[in-house]
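In: Below are the sequence and a predicted model for it; my questions follow.
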Amino acid sequence: MDGIAKQKVAGGKLVTVKLQYSGRVDSIRILGDFFIHPESGLEQIERALVGENLDETALSSNVARTARENGIEMIGVTPEAIASTIMMAVKR
Amino acid sequence: MRWRVIGLETHDAFLNMALDDSISESVRNGADPTIRFYRWRPSAVSIGQFQSMRDEINIPMCMELGIDYIRRKTGGGAVYHDEKGEITYSVIAPEGLLPKGILESYRVICGWVIKGLEAIGIAAEFAPINDILVNGRKISGNAQTRRYGVLLQHGTILYDLDIKTMFAVLNVSKEKISDKMIKSVEERVTRVLDYKDIAQQGLYEGLLKGFTEGKEYYMGELGRGEMERASELAEAVFKAESWSFMR
């Protein structure tokens, strides 16, 4: 199945998730007007999410872990916001 | 540290963004930190690195109006760059010349924009993350990237506003507007001409003053190598569909 969702991060920017899923994340695109330093970090975050369970806490931890391990700085978006947008995309 | 300042130039979107890259490369190789001011001809829309071209931009309308569309190397949102309606700047410097924290460095460089507006009698304020406001309305958007030890920040200062064209080429997000409890772009965006009857050249002179105050600097030019490298990057990267439509 596939889903799409968009939301404004509290105190931050817009985040859009385009998702293909089947109980887990099959493929994902994260889009928006936020900042990621270095920019290549967003693809690392997307790659790491593939195969993750559709559980908001697990998704959020996955993004936080990828950011921490790779020295990725997120501005205007958070692991929690990405996770909740993924769950919105699933519910729709 | 002496800054090189490149006075107001006009290029197309692809060369403008490629020049930021080629100057970043030369600064990485030891060239002086650089401040440049420029306009866009033809007018163009740019999107942030993480946005989708098709989602953000009305491409058929751009083609009809002869407006270029380009993906930036920086994050942030979609911007309409009207040839006569704005001045854009870029600051390209070794990271060590500016605060390490990204938000703090936004504050410092946006402070130069604010000083420039002050020089022409407009009181503006920094609104984190990356905006500058006048009376609560956005007059300037800014975006930053750091690669190989070089910081690039570019931003626009709205001089005039062609709202009709801007609406025609940008797919403005309803979520963004409703979140801020404001009904229209007109109510959340402002321009120099709303506050000051001044020529675009006058705004440029104000900005030049704001950006150079307290700095050792000289008015310089683009090197031949920088220009040639930018022409290569414009073709190989910024005009490539693989870059424009990567998201």
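Out: The structure has been received and is ready for your questions. Keep in mind that this is a model prediction, so the values were computed, not measured.
In: For the longest helix along chain B, give me every contacting residue.
Out: If you go by DSSP state H, chain B has its longest helix at helix B:102-119. Outside helix B:102-119, the residues within contact range by C-beta atoms under 8 Å, 6 or more residues apart in numbering or on different chains are A:35, A:37, A:73, A:75, B:89, B:91, B:98-99, B:123-126, B:128-130, B:132, B:134, B:139-140, B:142, B:144, B:146, B:151, B:153, B:155, B:157, B:192, B:203, B:205-211, B:213. Just so you know, the C-beta spots here come from the backbone N, C-alpha and C atoms, and that holds for glycine as well.
In: Buried among those residues? Make that a PyMOL selection.
Out: Burial among the contacts of helix B:102-119 is assessed by 16 or more other C-beta atoms under 10 Å in any protein chain shown; the matching PyMOL selection reads:
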select buried, (chain A and resi 35+37+75) or (chain B and resi 89+91+98+124+126+129+130+132+134+139+140+142+144+146+151+153+155+157+192+203+205+206+207+208+210+211)
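In: I'd say residue B:10 and residue B:40 touch.
Out: Yes: here residue B:10 reaches residue B:40: they are 7.4 Å apart, a contact under C-beta atoms under 8 Å.
In: quick one: contacts for residue B:200?
Out: Neighbouring residues of residue B:200 by C-beta under 8 Å, 6+ apart: B:84, B:87, B:159.
In: Which residues of chain B lie near chain A?
Out: Of all the residues in chain B, those in contact range of chain A (C-beta under 8 Å from any C-beta of the partner chain) are B:48-52, B:55, B:73-78, B:102-103, B:129-130, B:143-147, B:173, B:175-176, B:179, B:247.
In: Using neighbour counts, give me the buried entries of those residues.
Out: For those, buried by 16+ other C-beta under 10 Å: B:48-52, B:55, B:73-78, B:102, B:129-130, B:143-147, B:173, B:176, B:247.
In: so where is chain B shaky, pLDDT-wise?
Out: Residue ranges of chain B with pLDDT under 70: B:173-184.
In: next SSE after the helix or strand containing residue B:210?
Out: Per DSSP states H and E: residue B:210 is located in helix B:200-212. Scanning forward in sequence from helix B:200-212 by DSSP H and E, the next helix or strand is strand B:216-219.
In: on that earlier part again, filter the contacts of residue B:200 down to the buried ones.
Out: Burial by neighbour count, 16+ other C-beta under 10 Å: within those this picks out B:87, B:159.
In: Isn't residue B:37 up against residue B:208?
Out: Yes: in this structure residue B:37 lies within contact range of residue B:208 using C-beta under 8 Å: 7.1 Å.
In: list residues touching both of those two?
Out: Common contacts of residue B:37 and residue B:208 (C-beta under 8 Å, 6+ apart): residue B:7.
In: before we move on, back to that, from the contacts of helix B:102-119, which ones fall inside strands?
Out: Using DSSP state E, A:35, A:37, A:73, A:75, B:89, B:91, B:125-126, B:132, B:134, B:139-140, B:142, B:144, B:146, B:151, B:153, B:155, B:157 are the members of the contacts of helix B:102-119 that sit in strands.
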